[in-house]
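1. Give me coordinates for this.
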Amino acid sequence: IPAHDEAPGIAATVAPLADRMADGDRILVVADNCSDDTAQRARAAGAEVIERRDTTRRGKGYALDFGLRHLEADPPEVVVIVDADCAVADDALDRLAGAAAGGGRPVQALYLMQAPDGAGLSIRIARFAWLVKNLVRPLGYLRLGLPCQLMGTGMAFPWPLIRDAEVASGHIVEDLKLGLDLAAAGHPTLFLPDAKVSSLFPVNEDGQRSQRTRWEHGHLGVMRDLAPRLLATAVTRLDVRLLGLTLDLLVPPLALFVLAAGGLLAVDAAFFALSGRALPLVLALGAVVLVGGAVMAAWARHGRDAIRLGDLAMAPVYALRKIPVYLGFLRRRQSEWVRSRRDGES
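-> Numbers count the residues shown, from 1 in each chain. Below is the predicted model:
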């Protein structure tokens, strides 16, 4: 469990896990550059704690690497990584560890983010978009016999794989990069939807903005930097699983996808008005219908509890509000890890 200034909530994560530990299991919390009493509270809740101080190499990946080097003295069969602000379902650890040990490959739990009580429309829409990304798409891939991306928490690895992996990359979405690196090395991730991990979206605006920017800039950066090489590797090797992961990576965040489809439709409508040529407009309209149909199918099957249909109709407005995030990627992409401010923090 990597933890940076997580004193208010670390015990709520550690204590339930400590109650489920079997003989030989351990909970290791890496208190990373903490300025509060995260370490003391984690120990009191039942965890083994190591503390890391390095103000130049900051970020979750460095904390994970520090923890893995500590484990080398007495390595486990399987390492499960959980974020410090997550709730883990009762049987999730056993399911993850068993699948990783039995299959010899990384395993990813179903990781969903919930909307706090009284959350506004933007958070409810974000929750639905998260559900599409972390449940609907991986579940479809699973049914096709394809792997999924790593999601940052609820991840299990056989020790030989994670011991030799490059986790101290300094990338702001180190989990996404790690999953792609392992897949390229022949170890794609298995999705395990019966193992559940969850956390809450921050309500405060600063926390939402920071979280959103880190995720989406990180995704777009990996898409730009790694997708061409991975696509070439998958085609050269005839590796269907790596090809599937790469195509999944090339799907932009849902809000950007909606903006792109709508923008293309507007451009082609203007082209039709000027030239009278209908084919580009027909193709763009077909793309919008397909995107809209996919969103509605996802809502009907999995999203009814996350958001009302009337609220979902406001998704295009939500997408428009995210334009500054995408423009920020073009002007000055966020490349350093920044912790999202938790609710109640000043």
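2. which stretches of the stretch 1-150 of the chain have low pLDDT?
-> Counting by pLDDT under 70, not a single residue of the stretch 1-150 of the chain qualifies.
3. quick one: pLDDT of the residue nearest in space to the middle of the chain?
-> Taking C-alpha atoms, centre = their mean, the centroid of the chain lies closest to residue 151, which sits 3.4 Å from it. The model reports residue 151 with a pLDDT of 94.
4. Now do the SS call for it.
-> Following DSSP: H, G, I helix; E, B strand; the rest coil, we place residue 151 in the coil state.
5. how near is it to residue 26?
-> Distance, residue 151 to residue 26, by C-beta to C-beta, to the nearest Å: 23 Å. Any C-beta I mention is one placed from the backbone N, CA and C, and that applies to glycine too.
6. Ok, residue 135 next?
-> Residue 135 sits 30 Å away from residue 26, taking C-beta to C-beta as the criterion.
7. Between these two, point out the one with more neighbours.
-> More crowded of residue 135 and residue 26, by other C-beta atoms under 10 Å: residue 135, with 20 against 11.
8. Count the neighbours of residue 213 for me.
-> Residue 213 has 20 neighbours, counted by other C-beta under 10 Å.
9. Check the one 5 residues further on too.
-> Residue 218 is flanked by 22 other residues according to other C-beta under 10 Å.
10. Could I get the contacting residues of the closest residue to it other than its chain neighbours?
-> Nearest non-adjacent residue to residue 218, counting by C-beta to C-beta, 6 or more residues apart in numbering: residue 173, 3.1 Å away. Taking C-beta atoms under 8 Å, 6 or more residues apart in numbering, we find residue 173 in contact with 152, 214-215, 218-219, 221-222.
11. Just the buried residues of the residues you listed.
-> Burial by neighbour count, 16 or more other C-beta atoms under 10 Å: within the contacts of residue 173 this picks out 152, 214-215, 218-219, 221-222.
12. And the furthest pair within these?
-> The span of the buried ones among the contacts of residue 173, defined through C-beta to C-beta, is set by 152 and 221 at 15.4 Å.
13. all strands for the stretch 151-300 of the chain, in order.
-> Under the criterion DSSP state E, counting those that start in this stretch, the stretch 151-300 of the chain contains strands at 155-158, 190-200.
14. Dump these to JSON lines, plus mean pLDDT, mean neighbour count and distance to residue 252.
-> Formatted as JSON lines, those follow (pLDDT from 0 to 100; neighbours: other C-beta atoms under 10 Å; distance: least, C-beta to C-beta, whole Å):
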{"stretch": "strand 155-158", "mean pLDDT": "98", "mean neighbour count": "25", "distance to residue 252": "23"}
{"stretch": "strand 190-200", "mean pLDDT": "96", "mean neighbour count": "19", "distance to residue 252": "21"}
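15. right, and the ones you listed - which one's nearest residue 53?
-> Counting by C-beta to C-beta, residue 53 lies closest to strand 155-158 out of these; the figure is 25.3 Å.
16. Now the biggest helix by length in the chain: average pLDDT?
-> Ranked by residue count and defined by DSSP state H, the top helix of the chain is helix 205-237. Averaging pLDDT along helix 205-237 gives 81.
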